[in-house]
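1. Sequence below, structure please.
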Amino acid sequence: MPAYPRAELEEMVERWLQANQAGEAEKDWRHMADLYTEDATYGWNVGPNDEFMAVGREEIREIALGLEMAGLEGWTYPYQKVLIDEQQGEILGLWKQVADAKKADGTNYEIAGLGGSWFRYGGNFQWSWQRDFFDVGNAGAVFLAMIGDGTLLPGMQQRIERAMSGERLPGHYRLGEAPVGLWEVPEGS
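-> Next up is the predicted model:
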């Protein structure tokens, strides 16, 4: 992993945060795919048996930032802390997942636990590799609570129903069967 100038990585983080805020405002995150290299990989674990992986900028655009964000319109992902390692060209961003839907007590639904993204910088203000982590159990509990009070958006409810039917959603693989492993770093990333 090559070293990069600290100022360049700080600018990349600022561009990323601005693009994320624009996605939240527009309720569409697909434009953020322009901040990935053409051959980037983006994945996360989805529990003990499944994982998600998008390979290439266009899969990231259409599946990770498109289909996977369907039903999360109105949610925000405020970053709490960003750590930059310019020697390795890596960034760790820690964020929350907050719905615009309110609970009975008037507070927003929020997925408890720690959420984050681990990025590898590929130069030219683009990520070459991203892995997310969040508490899948807590996410499921929030979605079930939102189903119960009728605040879960139809797009997310449809995704949950499809997944529960046994249908494998695009980009979702049985553990160990994704085209790129979660810990795998393609050559040059």
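2. got a list of what Val46 touches?
-> Contacts for Val46 were tallied using CB atoms under 8 Å, 6 or more residues apart in numbering; they are Phe52, Val136, His172. All C-beta spots, glycine's among them, are computed from the backbone N, C-alpha and C.
3. Swap in 10 Å and give it another go.
-> Phe52, Phe134, Val136, Ala139, Ala163, Leu169, Gly171, His172, Tyr173, Leu175 (CB atoms under 10 Å, 6 or more residues apart in numbering).
4. Over to Asn20?
-> Asn20 neighbours (CB under 10 Å, 6+ apart): Trp29, Met32, Leu35, Thr76, Tyr77, Pro78, Tyr79, Gly93, Trp95, Ser117.
5. list the buried ones in the top helix by length along the chain?
-> Longest helix in the chain by number of residues, with DSSP state H as the criterion: helix 6-26. By neighbour count on 16 or more other CB atoms under 10 Å, the buried set for helix 6-26 is Leu9, Met12, Val13, Trp16, Leu17, Ala19, Asn20, Gly23, Glu24.
6. Which SSE is immediately downstream of it?
-> Next helix or strand after helix 6-26 toward the C-terminus (DSSP states H and E): strand 36-45.
7. between whatever helix or strand comes next after that next one and strand 36-45, what angle do the directions make?
-> Per DSSP H and E, the first helix or strand lying C-terminal to strand 36-45 is strand 50-55. Here strand 50-55 runs at an angle of 180 degrees relative to strand 36-45 (axes from the mean of the first three to the mean of the last three CA atoms, to 10 degrees).
8. contacts for the helix or strand just after strand 50-55?
-> Counting by DSSP H and E, the element after strand 50-55 in chain order, helix or strand, is helix 57-59. Outside of helix 57-59, the residues within contact range by CB under 10 Å, 6+ apart are 33-42, 53, 65-66, 126-127, 170-171, 179.
9. Check the secondary structure at the residue most central in space within the chain for me.
-> With distances taken as CA atoms, centre = their mean, the residue of the chain nearest its centroid is Asp132 (5.6 Å). Here Asp132 is strand, with the state taken from DSSP: H, G, I helix; E, B strand; the rest coil.
10. Provide a list of residues in contact with it.
-> Contacts of Asp132 by CB under 10 Å, 6+ apart are 42-45, 52, 64, 93, 95, 115-119, 182.
11. sorry, back to before: format the contacts of Val46 as TSV; extra columns: secondary structure.
-> Shown next, in TSV, are the contacts of Val46 (three-state DSSP):
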residue	secondary structure
Phe52	strand
Phe134	coil
Val136	helix
Ala139	helix
Ala163	helix
Leu169	coil
Gly171	coil
His172	strand
Tyr173	strand
Leu175	coil
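12. Could you pick out the buried ones from those?
-> Phe52, Phe134, Val136, Ala139, Gly171, His172, Tyr173.
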